[in-house]
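In: Would you be able to build a 3D model of this:
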Amino acid sequence: MKFVIQRVTEASVTIDRAVTGAIQKGFLVLIGISQEDDRAIADKMIKKLIGLRIFEDSQGKTNLALKDVDGQLLLVSQFTLYADCRKGNRPSFVRAGDPALARELYEYIIAECKKEIPVVQTGEFGADMKISLCNDGPFTVILDSKEL
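Out: Numbers count the residues shown, from 1 in each chain. Below is the predicted model of the structure:
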């Protein structure tokens, strides 16, 4: 499982020219799910995401977590995080999770995050989405379950 976490001042997702999810200060999280992932891996990733201290405290140190700043979440499924570009110029996506598994885990991640964070917005699984964001910093962190 991979999370690309961008600290944002605002972010939104648009589908068919309609905004379907929008947040203010918080994290835009692009979520990639592989065939090997399960709920135990998702739980570990969610715990790390929620506890990640990348907001500045009063001394300017990145020492505050999402809850400390009343941050919001925008969660977007993105199978292309598992693109394999080693051969040729056309990426292969065979390492991405089966759509049924990926959808189930994506929905699980959303439900679990909603238990911890009051404002959780989402994209739509499998949809053609347009993402707009203002990256704060810029500050981007990549979490890979194979490295946790």
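In: Going by C-alpha atoms from here, please, whenever you check contacts or count neighbours.
Out: Will do.
In: Just checking: what are the partner strands of the strand or helix carrying V13?
Out: Assigned by DSSP states H and E, V13 falls within strand 2-15. In the sheet, strand 2-15 lines up against strand 18-23 (antiparallel), strand 26-32 (antiparallel), strand 130-144 (antiparallel) (DSSP bridges).
In: Go through the ones you listed and pick out the most buried.
Out: Comparing these by mean neighbour count (mean count of other CA atoms under 10 Å), strand 26-32 comes out on top with a mean of 25.
In: quick one: whichever helix in the chain runs longest to strand 26-32, angle?
Out: Counting residues, the longest helix in the chain under DSSP state H turns out to be helix 99-116. Angle between the axes of helix 99-116 and strand 26-32 is 160 degrees (criterion: axes from the mean of the first three to the mean of the last three CA atoms, to 10 degrees).
In: what element comes up after helix 99-116 heading to the C-terminus?
Out: Past helix 99-116, the next helix or strand by DSSP H and E is strand 120-122.
In: can you list the residues that contact that next one?
Out: Strand 120-122 has contacts (CA atoms under 8 Å, 6 or more residues apart in numbering) with 13, 20-23, 72-76, 110, 113-114.
In: Bridge partners for the residue positioned nearest the centre of the chain, pull those for me.
Out: Central residue of the chain (CA atoms, centre = their mean): V29, 2.0 Å from the mean position. Bridge pairing for V29 (DSSP bridges) gives the partners I5, L75.
In: residues touching it, list them.
Out: Applying CA under 8 Å, 6+ apart to V29 gives the contacts F3, V4, I5, Q6, L73, L74, L75, V76.
In: would JSON lines of the strands paired with strand 2-15 with distance to V120 be doable?
Out: Output for the strands paired with strand 2-15, formatted as JSON lines (distance: least, CA to CA, whole Å):
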{"stretch": "strand 18-23", "distance to V120": "8"}
{"stretch": "strand 26-32", "distance to V120": "10"}
{"stretch": "strand 130-144", "distance to V120": "15"}
